[in-house]
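Output the structure for:
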Amino acid sequence: MIFPLVLLAAPAGAGKSAPTSPASPASPGKSGLGSGLAKTRPPAEPVLVEACDGARTVPTKPARALSCSRWTIAWQEGGTPWGFVTASSYDDAVAERERQLGFARRYARFFELPLDDRYSDPSPPICETCRTTTPAGRWGDGQKFSDGAARKAIAAARAELEALDTALDEHLPRLEDAARLARENGTGKLARTYAKQMQQAVLSLAKGRLALDNAAVFRSEKTAKDAGKAATQQSEGLASAFTKLVGAVAKEVGKAHGGKYMENGGAGPDTPHLQVELDGSKVTATYFAGGGQSTWFEGTVALDGAITGRSLVAPEKGSLSCQQHTEACGYVYIPSVLRFTERQDPEKKTQQTAELWFQRSQWVMAKPFIR
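Below is the predicted model:
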């Protein structure tokens, strides 16, 4: 027997407490300046123009009007560059610098540390104008001192650094959650490890950009491969640390909220109920009644303890083609949230309640279940 999910309109006065969208927060990464950049971008800061011989001059044109092969900003310590920010435009270079610097500031604040000295002396944005090319056929394959092997290694390493860059867009917005969880007994150690992985990954990205530049100058296949390998290891380390931390969060959530929730507060063995189960960070809520069952919700636990996912429901418009609770019959998956509240029964006893909320044209809720 299949039990389609029946939705109820949100009760009067519930609008203020209805869940917000379960979508992940927007990443504050390179694209964080948004499509309105031209309307809201701040005035350009002082920049330098660098020629092929390394000579640097102050430009006479505005920064955004310069013709550059690329933009760079060097992270420096004691005047010595240890890492690079690179981008194709002035605004992207500044945005990436602020992403890395902003992370360093927040990391220092949340974990009560001094700001890392390595971020205290960035160079001005530099417009590189050199566009040197190597004539075709200058070197034969395997010719002594040629750069063929280095070029291939640099291209591969660049892809690995881009993958790390993309991973940071996903992970850095979770720093605040990690800092909060670092203060919890059940998650503290794993949260600190995850935050440390973020810090190391940001450093690795900047160091890798500089290493690729050096690999091109030195024609060093090894330098490029080492940079790519380090980037891949950091990406894998981030993913592993996050998986372990969210698993620990899910374990705590399972202890608090996993189990059987009865329909209408009933207690008999035949009372319809909702069974909430967690497998790692995966959450499933299954409805049982009269010997039959139907999956009403499937989702995951986030670092903040929220449980978001999807539910299979009848469409707002149109009709079903058959009676089975399936996509083939016309049911559709929509975003949903499984949340838990505490209510008082008529005897003033506190009862934990499971609520299923669904995002249609407005947020609506299925009937609650009580434990």
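
For the stretch 201-350 of the chain, which segments count as helices?
221-257 (DSSP state H, counting those that start in this stretch).

mind listing what's buried in the helix or strand hosting residue 196?
Using DSSP states H and E, residue 196 falls within helix 188-218. Buried positions in helix 188-218, judged by neighbour count with 16 or more other CB atoms under 10 Å: 190-195, 197-199, 201-213, 215. Every residue, glycine included, has its C-beta placed from N, CA and C.

try stretch 244-256
Per 16+ other CB under 10 Å, stretch 244-256 contains these buried residues: 244, 245, 246, 248, 249, 250, 251, 252, 253, 254.

and that stretch, average pLDDT?
Summarised as a single mean, pLDDT over stretch 244-256 is 95.

can you give me how far it is from the chain middle?
The chain centre lies 19 Å from the centre of stretch 244-256; the measure is CA atoms, centre = their mean, to the nearest Å.

Export it to PDB, keeping only CA atoms.
Taking Å, rounded to 0.1, in the frame of the first residue of the first chain, the C-alpha atoms of stretch 244-256 are listed here in PDB:
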ATOM      1  CA  LYS A 244      33.800  13.500   8.900                       C
ATOM      2  CA  LEU A 245      32.500  16.700  10.500                       C
ATOM      3  CA  VAL A 246      29.000  16.500   8.900                       C
ATOM      4  CA  GLY A 247      28.900  12.800  10.000                       C
ATOM      5  CA  ALA A 248      29.600  13.800  13.600                       C
ATOM      6  CA  VAL A 249      26.800  16.500  13.300                       C
ATOM      7  CA  ALA A 250      24.400  13.900  11.900                       C
ATOM      8  CA  LYS A 251      25.300  11.600  14.800                       C
ATOM      9  CA  GLU A 252      24.300  14.200  17.300                       C
ATOM     10  CA  VAL A 253      21.100  15.000  15.300                       C
ATOM     11  CA  GLY A 254      20.200  11.300  15.100                       C
ATOM     12  CA  LYS A 255      20.600  11.000  18.900                       C
ATOM     13  CA  ALA A 256      18.300  13.900  19.400                       C
END
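
Give me the contacts around it.
Contact with stretch 244-256 is made by 178, 181, 184, 186-187, 190-191, 193-194, 278, 280-281, 283, 300-303, 305, 307, 340, as judged by CB atoms under 8 Å, 6 or more residues apart in numbering.

Drop anything exposed from these.
So, by 16+ other CB under 10 Å, the buried ones in the contacts of stretch 244-256 are 178, 181, 187, 190-191, 193-194, 278, 281, 283, 300-303, 305, 307, 340.

if you look at those residues, which of them are in strands?
278, 283, 300, 301, 307, 340 (DSSP state E).

For the helix holding residue 196, which helices and strands make contact with it?
Packed against helix 188-218 by the contact rule (3 or more CB pairs under 8 Å, 6 or more residues apart in numbering; DSSP states H and E) you find strand 80-87, helix 90-110, helix 148-171, helix 175-181, helix 221-257.

that older thread, can you pick out the most distant pair from the ones in strands among the buried ones among the contacts of stretch 244-256?
300 and 340 (15.7 Å; CB to CB).

Can you tell me how far residue 44 is from residue 57?
Residue 44 sits 16 Å away from residue 57, taking CB to CB, to the nearest Å as the criterion.

Looking at those two, which one has more neighbours?
Between residue 44 and residue 57, counted using other CB atoms under 10 Å, residue 44 has the larger neighbour count: 15 against 11.

how near is that one to residue 301?
44 Å.

what's the answer for residue 138, then?
Distance of residue 138 to residue 301, computed by CB to CB: 57 Å.

show me the contacts for the residue nearest to residue 192 when sequence neighbours are not counted.
Leaving aside its sequence neighbours, residue 192 sits nearest to residue 182 (CB to CB, 6 or more residues apart in numbering; 4.9 Å). Residues in contact with residue 182, defined by CB under 8 Å, 6+ apart, are 110, 111, 188, 191, 192, 195.

ditto for residue 140
Residues in contact with residue 140 (CB under 8 Å, 6+ apart) are residue 146.

So that it lines up with my notes, have the first residue be 591 from now on.
Got it, the first residue is 591 from now on, which makes the last one we talked about residue 730.

Now it. Its backbone dihedrals?
Main-chain dihedrals, residue 730, degrees, to the nearest 10: phi -90, psi 160.

Tell me the buried residues in stretch 633-650?
Judged by neighbour count using 16+ other CB under 10 Å, the buried positions of stretch 633-650 are 637, 638, 639, 640.

Which ones among the residues you listed lie within strands?
Those of those lying in strands (DSSP E): 638, 639, 640.

so which of those comes closest to residue 714?
residue 638 (5.3 Å).

pLDDT value on the nearest residue to the closest one once chain neighbours are set aside, please?
Leaving aside its chain neighbours, residue 638 sits nearest to residue 646 (4.5 Å; criterion: CB to CB, 6+ apart). At residue 646, the model reports a pLDDT of 96.
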